[in-house]
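[1] From the sequence below, what's the structure:
(chains A and B)
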Amino acid sequence: MTTRATRSPRRRTVVALAVVLVVLSAFVVRLVDIQVVNAREHVDDSEQFATGAKSTLYGARGDIVDDNGVVLASSTTLYDVQIDPMLAAQGAVQADAGGNAMTDADGKNIMTPWTDVAPKIAAITGQSAADVEKIVSDALAENSASRFAYVKRYVSTEEYRALAALKLPFLTFPLHPSRTYPDGAVAGNLIGFVGSDGDPLEGLESLQNSCLQATDGSLTYQRGADGVIIPGTEIEKPAVNGGTLKLTIDSDLQWFMQQLIAEETARYQADWGGIIVMEAKTGKIRALAETNTVDPNDPGASDPDNRGSRLLRVSYEPGSTFKPVTAATVIEQGGLTPTSTVETPDRIQFPNGAVINDSESHPTQNLTLTGGLVESSNVAMSQFGAQVPAETRYDYLKRFGVGDGTALNWSGEPTGEVRDASTWDNQTFYTTTFGQAFTVTPTQVTSLFQTIANGGVRMPAQLVESCTKPDGTVVTPTLPAPVQVIKPQTAAEVSQMLENVYAQGTLADDIKIPGYRLAVKTGTAQIPDGHGGYKDNLFMTSLAGYAPADDPQYVVLTLFNEPKTNTMSSANRSVFKKAMTQVLTHYRVMPSGSDTPLLPVTQ
Amino acid sequence: MSVPAESNLDPFVGAAPLPLRTPGAPARRLHAVEQPAPRRRPRLVYGIVAVSGALLIGGAQMGLSILTTQSSYELSTLGDQQRSLDWQKQMLQDSIAGLSSPQYLAANAEAMGMVTGQAPTYLRLSDNAVIGTAAGLTGASAVNALSKAAVGNALVSGRPLVGDPAASLGATGGSSVVDKAIPDTTTPPAIADGLPVPATH
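    Numbering: from 1, shown residues only, chains lettered A, B, ... in the order given. Model prediction:
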């Protein structure tokens, strides 16, 4: 029997239970919110406000080493010197020998005035005391409660420790992972540099950043009152160091070439100059020197134009260094031999109206194909080249890599340009036989000689040997496959003719390296003046070659832009001879032990 | 069918007679155990083991905790030492950085009068054959690593040479050295606009 009396307590129970449940579920929701949904935030807060601390573990950016493991770039640490101007202006508390603050009779700290402290700081940072005082007074003038100013940025560990030893509470020293380049400007054009904030800005530092860059870790812990880490509270996320980047460059050889090209560029008052040394059988670049080269330790000291590699970003009409391509083409496609002849005046007008001149006047000669190269005769080469169709010659230029860039994939590297044979006009039909009307990069010219030296097989140009990850795995760059550009027999014939350029050409005495057989070719390329014509009497001169010609080991290209005290390719003779001599000495290449078989120049 | 049907139908035939419950006479089947099984006294040793075990665990815990705390101080001290040694190492590395660089070594070599750039000559050990020209020093050095130093290195700039303490590599090389070298050349200045010459050769 349910009466009013019995119903009421039951309802009350139910209501009470419901209230309890509602409150309970509210608590559960809040608990989940705190423990799960916003857990991270609260943990962060606890770390920030409580005894917890978090520090960054910096991973070391990877080293860049040369072919022999010599370190060209490595990681170091620099520090900022930050000051709290408001505290600094009050001076520093004097401490006794035990490090305790000294107090006067009233129990007040005895202060060293700021004007006495500033000279101590200045003596270490190398500034003047007035400079340091000015930093503080300027900061206070702007904001009388200023708590932050830089005394000096990026100081060395030595200065940092000396400053820390002053025990000034208003100085702090945030750390900067930084880069140091022990060999300075050696290969600075290739290595590039990183900005003061650690961002790679130029060269391989930037191109190979994926290999070099480190991942920072962190260490979270709680501290006791005395600063000691409470056991069991540490959570470490380890930093991952960057990989070691190994280059194909030899730093000693690179230095020599840089020193050499700088001296020779000054001697001939050229705008700039460059040397490339490439291994003939592998395409690996052993030195790539140029003027002027940035010192990555101090990129700011260099003119902005000199901070990158000019040599890898220039393309030009190669001129006579591409005559061997014409020779190879007519041997393979025109059935000619090194002793085939043409009648060669110093000026010729072709039936289509094109006029070709030789650089020097000479009597009409019956030049062989070899002679065309030895005398570097435009008239002879255009007559030989005209014996095969323009399309075939275009195909050969493309096969030698013109217009396709290089395997270096440098930032801003031109690909070289050659227009399709169908667009060649009457003059272009002939000028393409001696390296005009198309452009190439210095690396492509070096690759051309490498191809001839290596039995007609072009190996991809290579600057990066490998990347060794911190776990020891070695990653080698993916390179295009070698290309058989011309037949080995053709390459051998062209090589013999180039040897005769060395043995019988006008430069023979100037570049002779006793005991060695060399194969070389000069080039004096015209430079567009920007108004549709060419600059007067200013050229891009080059001399390329390889040694020993009987078993080619190294290809050397030397290049001057606009040499002025000797405007022709003969300016390159001394630099080429010195560079090649050094390469042969450096790599202990044995002398040839035989003489160049001479081929007839005229018949 | 000689069995009398009556006897078969009676379920109680042959059954034991129900005990008669007579007041005052307790049932005989259940009777109290005369004497409770003597309770074995708990052995003292277990207690001691349990208590001392607990104490031991507690003690060990405390000991371990003390040791951990102790070693965290040691760790902290060692960490400080490590940091200070790292700083020292960094300072020492900074102080020798660049000394092994080729331009510094070559400048030292030049200061001591060494030259470079001669054609190489080899001595073959097997038959004492001299391969190469066997010519000695025939001229000036191919490069002037000190007097025309052109490859800069901020790390060693201004640092006195070992071979000649009065000399040092200048500030960042490059342009400054090239500029300096130009007045040294005796060649005439450029002909800016001479006769137009043939294209190439």
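
[2] dump the residue contacts of the closest residue to chain A within chain B.
    At 2.5 Å from chain A, residue B:153 is the closest residue in chain B, using CB to the nearest CB. For glycine as for every other residue, the C-beta is placed from the backbone atoms N, C-alpha and C. For residue B:153, the contacting residues are A:183-186, A:295, A:297, B:98, B:101, B:103-104, B:169, B:172-173, by CB atoms under 8 Å, 6 or more residues apart in numbering or on different chains.

[3] now those residues in a markdown table, with pLDDT, neighbour count and secondary structure?
    Below are these laid out as a markdown table (pLDDT from 0 to 100; neighbours: other CB atoms under 10 Å in any protein chain shown; DSSP: H, G, I helix; E, B strand; the rest coil):
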| residue | pLDDT | neighbour count | secondary structure |
| --- | --- | --- | --- |
| A:183 | 93 | 31 | coil |
| A:184 | 92 | 31 | coil |
| A:185 | 93 | 31 | coil |
| A:186 | 94 | 34 | coil |
| A:295 | 92 | 28 | coil |
| A:297 | 91 | 25 | coil |
| B:98 | 88 | 22 | coil |
| B:101 | 92 | 25 | coil |
| B:103 | 92 | 26 | helix |
| B:104 | 92 | 27 | helix |
| B:169 | 83 | 28 | coil |
| B:172 | 39 | 26 | coil |
| B:173 | 39 | 28 | coil |
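
[4] domains of the chain?
    If you meant another chain, say so; for now it's chain A. As given by automatic domain parsing, the domain ranges for chain A are A:78-178, A:251-586.

[5] that answer is for a different chain, and I need it for chain B
    B:44-97, B:101-151.

[6] Show me which of those has the highest average neighbour count.
    Of all the domains of chain B, domain B:101-151 carries the top mean neighbour count, a mean of 17, counting by mean count of other CB atoms under 10 Å in any protein chain shown.

[7] quick one: the closest residue to chain B within the stretch 351-500 of chain A and residue A:128, what's the gap?
    Proximity to chain B, evaluated over the stretch 351-500 of chain A using CB to the nearest CB, is greatest for residue A:359 at 3.2 Å. To residue A:128, residue A:359 is 62 Å away according to CB to CB, to the nearest Å.

[8] The two: which has the busier surroundings?
    More neighbours surround residue A:359 than the other of residue A:359 and residue A:128, with 19 against 13 (other CB atoms under 10 Å in any protein chain shown).

[9] so that one makes contact with residue A:375?
    No - Residue A:359 lies out of contact with residue A:375 (CB atoms under 8 Å); the separation is 9.6 Å.

[10] Give me the neighbour count for residue A:333.
    By other CB under 10 Å, 16 other residues sit near residue A:333.

[11] What ranges does the stretch 401-550 of chain A have for its strands?
    For the stretch 401-550 of chain A, strands defined by DSSP state E, counting those that start in this stretch occupy the ranges A:417-418, A:438-439, A:457-458, A:464-468, A:474-475, A:483-484, A:519-528, A:534-547.

[12] can you redo those as CSV with mean neighbour count?
    Output for the strands of the stretch 401-550 of chain A, formatted as CSV (neighbours: other CB atoms under 10 Å in any protein chain shown):
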stretch, mean neighbour count
strand A:417-418, 16
strand A:438-439, 21
strand A:457-458, 21
strand A:464-468, 19
strand A:474-475, 13
strand A:483-484, 14
strand A:519-528, 24
strand A:534-547, 24
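
[13] Let me have those in TSV, adding distance to chain B and mean pLDDT as columns.
    Converted to TSV, those look like this (distance: least, CB to the nearest CB, whole Å; pLDDT from 0 to 100):
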stretch	distance to chain B	mean pLDDT
strand A:417-418	17	92
strand A:438-439	13	94
strand A:457-458	24	96
strand A:464-468	19	95
strand A:474-475	25	94
strand A:483-484	27	95
strand A:519-528	5	91
strand A:534-547	4	92
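
[14] Cool, thanks, talk later.
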